[in-house]
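1. I would like the atomic coordinates for the input below:
(chains A and B)
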Amino acid sequence: MPDSRAATVEFDHVTKRYDRAPEAEGAPGAVEDLSLAVPAGRICVLVGPSGCGKTTSLRMVNRLIDPTRGRVLIDGVDVASRDLVELRRGIGYVIQQVGLFPHQTIGENVATVPRLLGWPAGRRRERAEELLTLVGLDPAAYRDRYPAELSGGERQRIGVARALAADPPILLMDEPFGAVDPIVRERLQNELLRLQETLAKTILFVTHDIDEAIKMGDLVAVMATGGHLLQYGPPAEILARPASPFVAQFVGTDRGLKRLSLARVAELPLRPAITARPGDPAGPARERILADPFPYLLLVDDLDRPIGWLDQRTLPAEGALTAASAIPMSPLFDRRTTLKDALSMLLGADVQAGVLVDRDRRTRGIVTAGMVADWFRANAGGELAATVGAMDRSAAAAVRA
Amino acid sequence: MIDWGWLADHVPALLYRTGQHLYLAAIAVAVGLAISLALGVLAARHRRLVLPFTFVADLVYTIPSIALFAALVVVVGLSVLTAEVPLVLYTLVILFRNVVAGFDAVPPDVRDAADAMSYSGTARLVRVELPLAVPLIAAGVRVAAVSTIGLVTISALLGDAFGGLGFFIFEGARRGFATEIYAGAIPTILLALAADRLFVRVQAWLTPWERRAQAEVVPG
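-> Numbers count the residues shown, from 1 in each chain, chains lettered A, B, ... in the order given. So this is what the prediction gives:
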């Protein structure tokens, strides 16, 4: 049921003040006259430094915090006029520490809201299994375990599954991927974007990481300390035309490079990998890789999942290929991986190529640093190319002089 | 040194006193737990009550048990109540603190998530906070049970109708008869040890998630 169930969220001159002086880390930030409309089915990212009121704003949607002044509207209805229980059951909530119930199994955790809604046990169990599958975890393996037995990334997936349990039209996500390592975070971001392609929820997403904001947001709201909204618009617009010096500074001086966060691996031309399986005769494989400009042969398993690279210079002319001499895997990319993440992962890899894989980790193609650079030159490099061009000209002038 | 004949003659009396001992201790811990849970829930909702409650419990704990038993005879006369009131009061200092600590140990993000998923205050208390407070509450019950089993012996001061196994300790001391003192003291120690082991088991049984979490950190 795409976007028919999504709802609009609107902040109408919302102010939240706290009596005490704003303290250090962790204290909720005030919000000053925030007006902002999120269209149904879109991801709106609230981004800003700590204490800028982004979390406070989020928590005023499900009334964990009530505004001092102003209204928060869902589908045009003031949340203050709604029954609290009914309101909260229609809003999924995901937080950085996940907040899973340690004393309940994963299955029970996921089915929390359905249980509160009074669904019968059979239907709850079915829904929990459906949701675990949706977030990429095998229900049989996870259903009966406790949260403490899971990794941070797995717990975060369960948090998302639990928030989606009653199919709420709205999701609030407060730094949902802030506590996991960068590689897991990148994967979780891609999975959320994949889910959103079919679920089309209205998502309010809080982060302090501008790259995450640019990647995840259909719309980005940049907030500053004191709870002021500085700019609200699509990420490309915020990068291209920062509304104030603060936004420009927050977005960073590398705005050209940041645009790499706007583009996905899917936008690059698909470049098939030259692949072979362990046990294949080395001779023909060597012929094929020598004929290709990229000097590494990709070894894959029976299901086309990548194992590692074989250097064409060290490939034997005879015998069979073995996995033993393969150079361990370089980065795996999803088609939703941003070019910025792709580039930064490639720069640290032994073989500077990543493998584009599908959901089942099957090889789809390869991505090299050169391909990212080509894309940059053709699309986002306008200002950078101009700068470089100017440097070239002045260098040339210097040489002539 | 030990008069085995006396012991053989007094098996029924020993069994009766052991039963009485457990009965007095069990009532005290059960009533103490019920009061502590009620006060603990109240204090969890109104944080400013924690300090006065703790202060009063601490104050009661400083009253010597002998004085308290004696004073109560004057106030309420001689009944089971005379024995139970001091026993219950002494459990409070341990149980109330542990109930409060148990509620405090509930992670704030868990409470936050419960609120956001539309749990009402009471449902959150019963389904989320109470289960998560169980490890510390059970630990409190364990300590309270052990200390109460020791304290029951003092209630023998109130007369022959009380004291559980303490009856033999006091009578043995009065008569200068070592066997009888041992017959009271050793079973009391064994009861305390047994109660300790029992509540370790009960806690593990009530909190299966903790056991699995511990199993998880074992390397390998």
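
2. only C-alpha atoms for contact and neighbour calcs from this point on.
-> Fine.

3. Show me how far the helix or strand A:Leu132 falls within is from its chain's centre.
-> Using DSSP states H and E, A:Leu132 sits in helix A:121-134. Distance of helix A:121-134 from its chain centroid, counting by C-alpha atoms, centre = their mean, to the nearest Å, is 25 Å.

4. Give the residue spans of the chain that score low on pLDDT.
-> Using chain A. Along chain A, segments meeting pLDDT under 70 span A:1-4, A:20-27, A:380-401.

5. meant chain B actually
-> B:212-220.

6. Tell me where it has helices.
-> B:4-9, B:11-45, B:50-62, B:65-76, B:80-104, B:108-116, B:121-124, B:130-152, B:166-175, B:178-206, B:208-217 (DSSP state H).

7. Distance check, A:Asp374 against A:Val367.
-> Distance of A:Asp374 to A:Val367, computed by C-alpha to C-alpha, to the nearest Å: 11 Å.

8. between the two, who's got more neighbours?
-> Counted by other C-alpha atoms under 10 Å in any protein chain shown, A:Asp374 and A:Val367 do not tie: A:Val367 has more neighbours, with 26 against 12.

9. tell me the contacts of B:Gln20?
-> By C-alpha atoms under 8 Å, 6 or more residues apart in numbering or on different chains, the contact list for B:Gln20 reads B:Phe162, B:Gly163, B:Gly164, B:Leu165.

10. if we look at the helix holding A:Leu132, which residues are touching it?
-> Residues contacting helix A:121-134 (C-alpha under 8 Å, 6+ apart): A:107-108, A:110-111, A:114-115, A:138-139, A:143, A:158, A:161-162, A:164-165, A:195.

11. tell me which residues of stretch B:103-119 are tucked away?
-> Across stretch B:103-119, burial judged by 16 or more other C-alpha atoms under 10 Å in any protein chain shown covers B:103, B:106-107, B:109-119.

12. quick one on the thing from earlier: which of the helices of chain B sits closest to A:Gly51?
-> With C-alpha to C-alpha, the closest approach to A:Gly51 among the helices of chain B belongs to helix B:108-116: 18.5 Å.

13. From the contact counts, what lies against the closest one?
-> strand A:91-95, helix B:121-124 (3 or more C-alpha pairs under 8 Å, 6 or more residues apart in numbering or on different chains; DSSP states H and E).

14. Just checking: what are the partner strands of the first one?
-> Right, the one you point to is strand A:91-95. strand A:170-174 (parallel) (DSSP bridges).

15. CA atoms only: put the following helix or strand past the partner strand into CSV for me.
-> Moving toward the C-terminus from strand A:170-174, the next helix or strand (DSSP H and E) is helix A:182-199. Extracted as CSV, the C-alpha positions of helix A:182-199 are listed here (Å, rounded to 0.1, in the frame of the first residue of the first chain):
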residue,chain,number,x,y,z
PRO,A,182,30.7,3.2,9.7
ILE,A,183,30.4,0.1,7.6
VAL,A,184,27.3,-1.2,9.4
ARG,A,185,25.9,2.3,9.3
GLU,A,186,26.3,2.5,5.5
ARG,A,187,24.5,-0.8,5.1
LEU,A,188,21.7,0.1,7.5
GLN,A,189,21.2,3.4,5.6
ASN,A,190,20.9,1.5,2.3
GLU,A,191,18.5,-0.9,3.8
LEU,A,192,16.3,1.9,5.1
LEU,A,193,16.3,3.5,1.7
ARG,A,194,15.4,0.1,0.1
LEU,A,195,12.5,-0.3,2.6
GLN,A,196,11.3,3.2,1.9
GLU,A,197,11.1,2.5,-1.8
THR,A,198,8.2,0.2,-1.1
LEU,A,199,6.9,1.5,2.3
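
16. Check which residues of helix A:182-199 are buried.
-> Those would be A:Arg185, A:Glu186, A:Arg187, A:Leu188, A:Gln189, A:Asn190, A:Glu191, A:Leu193, A:Gln196, A:Leu199, for helix A:182-199 by 16+ other C-alpha under 10 Å.

17. Ok, stretch A:117-136 next?
-> A:Arg124, A:Arg125, A:Arg127, A:Ala128, A:Glu129, A:Glu130, A:Leu131, A:Leu132, A:Leu134, A:Val135.

18. Taking those, tell me the two that lie furthest apart.
-> Distance extremes for those: the farthest pair is A:Arg124 and A:Val135 at 16.6 Å, using C-alpha to C-alpha.

19. OK, now which residue of the stretch 251-400 of chain A is nearest to chain B?
-> A:Pro328 (24.5 Å; C-alpha to the nearest C-alpha).

20. scratch that, the stretch 1-150 of chain A
-> Taking C-alpha to the nearest C-alpha, the stretch 1-150 of chain A has A:Gly99 as its residue nearest chain B, at 4.3 Å.

21. What number of neighbouring residues does that residue come out with?
-> Neighbourhood size, A:Gly99 [other C-alpha under 10 Å]: 22.

22. For it, list the residues it contacts.
-> Taking C-alpha under 8 Å, 6+ apart as the test, what A:Gly99 contacts is A:Gly159, B:Pro107, B:Asp109, B:Val110, B:Arg111, B:Asp112, B:Ala113.

23. wait, the fourth one sits on A:Leu100?
-> What it means is B:Val110. Yes. Judged on C-alpha atoms under 8 Å, B:Val110 makes contact with A:Leu100 at a distance of 6.2 Å.

24. I'm done for today, thanks for sticking with me.
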